[in-house]
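*Asks:* Here is my input, please return the structure:
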Amino acid sequence: MDKIVLITKLSIEDYIKINYHLFYRKLTVKVMTGVGVFMLISLLYAFHSFNEFPWFQLVFGLFLTIGQPISVYFSAKKNYKTNARIGERISYEFDNENVLVTGESFEAKFSWDKIYSVTENKDWILIWQNKQVANVVPKRDFKEGELQALKNIVSLHSKLIYKLSK
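*Replies:* Numbers count the residues shown, from 1 in each chain. From the prediction side, this is the model:
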């Protein structure tokens, strides 16, 4: 396969899901969520030990376990609605040398040696331009054989960091 051409469009639900994925993949976020759960579980012990309701512990625990996900949700929703490029129909062209990304209002061409990394999860392929910015390619939009062909292209570039299933 010389070139893979893929056309996709992220829905608001896709964008919210990917924001949760990116948020919760960080170790610090996982630890803070664990701390919040621990604080909520230990509320009963603290109440019985001190005979005073631990308001700070309740508020902080709720913020860490419920407040952060709510914040991610509303932030992603706002970003999707205010940045029209996120929801545009996007064409990706992959070949052995480059990735060409064409939206309704933009075009970008990256050589594989300038891409930071390529990662995969259950639903998406993420093409990282740097540690913070990634192009999100839904797996559902690949035709039969194209996903494996992309993985083969990525594996040709020895300096490229990638985490892809076989």
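*Asks:* CA atoms only for the helix or strand of the chain with the lowest mean pLDDT, dumped as PDB, please.
*Replies:* Within the chain, no helix or strand scores below helix 43-50, which has a mean of 75 by mean pLDDT, DSSP states H and E. This file holds the C-alpha atoms of helix 43-50, laid out as PDB (Å, rounded to 0.1, in the frame of the first residue of the first chain):
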ATOM      1  CA  LEU A  43     -14.700  10.800  56.500                       C
ATOM      2  CA  LEU A  44     -16.500   8.400  58.800                       C
ATOM      3  CA  TYR A  45     -13.400   7.700  60.800                       C
ATOM      4  CA  ALA A  46     -12.500  11.400  61.100                       C
ATOM      5  CA  PHE A  47     -16.100  12.300  62.200                       C
ATOM      6  CA  HIS A  48     -16.100   9.600  64.900                       C
ATOM      7  CA  SER A  49     -12.600  10.500  66.100                       C
ATOM      8  CA  PHE A  50     -13.000  14.200  66.400                       C
END
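*Asks:* Show me what secondary structure element comes after it.
*Replies:* helix 55-62 (DSSP states H and E).
*Asks:* Tell me the first helix or strand C-terminal of that following helix.
*Replies:* helix 68-82.
*Asks:* How far off centre is that next one?
*Replies:* For helix 68-82, the separation from the chain centroid amounts to 13 Å (computed by CA atoms, centre = their mean, to the nearest Å).
*Asks:* Now do the buried residues in that helix.
*Replies:* Within helix 68-82, the residues scored as buried using 16 or more other CB atoms under 10 Å are 68, 72, 76, 80. All C-beta spots, glycine's among them, are computed from the backbone N, C-alpha and C.
*Asks:* measure the second one to F23 for me?
*Replies:* Going back to what we said before, that points to V72. 5 Å (CB to CB, to the nearest Å).
*Asks:* Kindly report the same for the third one.
*Replies:* When distance is defined by CB to CB, A76 is 9 Å away from F23.
*Asks:* going on from the host helix or strand of Q148, what's the next piece of helix or strand?
*Replies:* For Q148, the element it lies in under DSSP H and E is helix 146-155. Sequence-wise, the next helix or strand downstream of helix 146-155 (DSSP H and E) is strand 161-163.
*Asks:* Pairing partners for that next one, with directions?
*Replies:* strand 117-120 (parallel) (DSSP bridges).
*Asks:* what comes into contact with the strand it pairs with?
*Replies:* With CB atoms under 8 Å, 6 or more residues apart in numbering as the test, strand 117-120 has contacts from 125-128, 134, 139, 154, 160-165.
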